[in-house]
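[1] what follows is a predicted structure for the sequence shown.
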Amino acid sequence: MAEVQWPLHVHTLADLQALQHASTVLHTPCGDGALAWHAWGSGRPVVLLHGGAGSWTHWARNIAPLVQAGHRVLAADMPGFGDSAEPPDGHDADVLPGWLEQGLHALIGDAPVDLVGFSFGGLVGGLWAAAHPARVRQLVLVGAPALSEAPMAPLPLRAWDTAPPGERRDALHRHNLGVLMLSRPEAIDALAVALHGANIERDRMRRRRLMRTDLLLRTLPRLRCPVHGLWGDDDVLYRGRLQVVRDALAQAPAGGSLRFIAGAGHWVPYEAAEEFNAALAALLDEARP
């Protein structure tokens, strides 16, 4: 196992800064700007795709364990999110795989990768695997949307962008985290509020709509790689209808596995990091050449 020189468990902004400082920041083209990647470690590559209105920091509690297990971790800020430029050819999931593939080819050539996509990143990952089947050794979906054409009930999210920065805005972020992202109130800690606030305030892809369709469901039968699922069993996107996830992942021809993590919500890599990391490590080890 690789020795990690920064905090293995990220609980504070200081921990996050140490993790970020340990990364190598790489840039690849994205229109007239650049796509930002954070890289750690060496070994078999694992690519992490964050959720909507996110950045690489959605994986803050998962990167060090992956590096410690002997992986090279490449966490993208997808186009239009975080530190990456907006894509010039659209504002939804369907235009992102091309820029990600072009960037990853520049970084590692044609080597196949394990691809892990959280939420909106799962939809992007499915489209990427369909368009470039030789690239993806296996796909791990985490709380991915677009698995059903049935509309989800509206969520009582509160507008945050009219509140001034500070306590009032943080309170709105805290509320929205509890509605959409995290199941247990104690999981909505200061770090979660800081990460969510910094990420959502840099989201320039707010016209995305494909996550509200069944596009990923229709894509799964075309995938050649195994498709696994890691879900919180209290994920608000599928609360009371987890069978939708089971039925959808059964459409993947190469098979895979599905695990629900008890007591966790949508952002399961953060809320139940220890159990999630163990489950992900087991999947990656099973597929190790």
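    Noted; the coordinates are in hand. Residues are numbered from 1 along each chain as shown.
[2] tell me the phi and psi of the residue of the chain positioned farthest from its centre?
    Going by C-alpha atoms, centre = their mean, the residue of the chain most distant from its centre is residue 164, 28.2 Å out. Per-residue torsions, residue 164: phi -70, psi 150 (degrees, to the nearest 10).
[3] now swap in residue 230 and tell me
    Note on residue 230: backbone dihedrals following degrees, to the nearest 10 are phi -120, psi 120.
[4] residues in contact with it?
    140-142, 259, 261, 268, 276, 279-280, 283 (C-beta atoms under 8 Å, 6 or more residues apart in numbering). From N, CA and C alone the C-beta is placed, and that goes for glycine too.
[5] ok, for it, nearest residue in space, not its chain neighbours?
    With C-beta to C-beta, 6 or more residues apart in numbering as the measure, residue 142 is the residue that lies nearest to residue 230, at 5.0 Å, once sequence neighbours are left out.
[6] count the residues that sit near residue 231.
    A total of 24 residues lie near residue 231 under the criterion other C-beta atoms under 10 Å.
[7] pretty sure it contacts residue 257?
    No: with contact defined as C-beta atoms under 8 Å, residue 231 does not count as touching residue 257 (11.5 Å).
[8] in the stretch 101-250 of the chain, which spans are helices?
    Counting by DSSP state H, counting those that start in this stretch, the stretch 101-250 of the chain has helices at residues 120-131, 167-176, 190-200, 215-219, 243-249.
[9] deepest-packed of those, please.
    Ranked by mean neighbour count under mean count of other C-beta atoms under 10 Å, the helices of the stretch 101-250 of the chain are led by helix 120-131, which reaches a mean of 26.
[10] put the alpha carbons of that one into CSV.
    This file holds the C-alpha atoms of helix 120-131, laid out as CSV (Å, rounded to 0.1, in the frame of the first residue of the first chain):
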residue,chain,number,x,y,z
PHE,A,120,-24.6,14.1,-12.5
GLY,A,121,-21.1,12.7,-13.0
GLY,A,122,-22.6,9.2,-13.2
LEU,A,123,-24.7,10.3,-16.1
VAL,A,124,-21.6,11.8,-17.8
GLY,A,125,-19.7,8.7,-17.0
GLY,A,126,-22.3,6.5,-18.6
LEU,A,127,-22.3,8.6,-21.8
TRP,A,128,-18.5,8.6,-21.8
ALA,A,129,-18.3,4.8,-21.5
ALA,A,130,-20.8,4.4,-24.4
ALA,A,131,-18.9,6.8,-26.6
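[11] closest to residue 82 out of the helices of the stretch 101-250 of the chain?
    Closest approach to residue 82 among the helices of the stretch 101-250 of the chain (C-beta to C-beta): helix 190-200, 6.9 Å.
[12] pLDDT below threshold where in the stretch 151-289 of the chain?
    Applying pLDDT under 70 to the stretch 151-289 of the chain flags residues 287-289.
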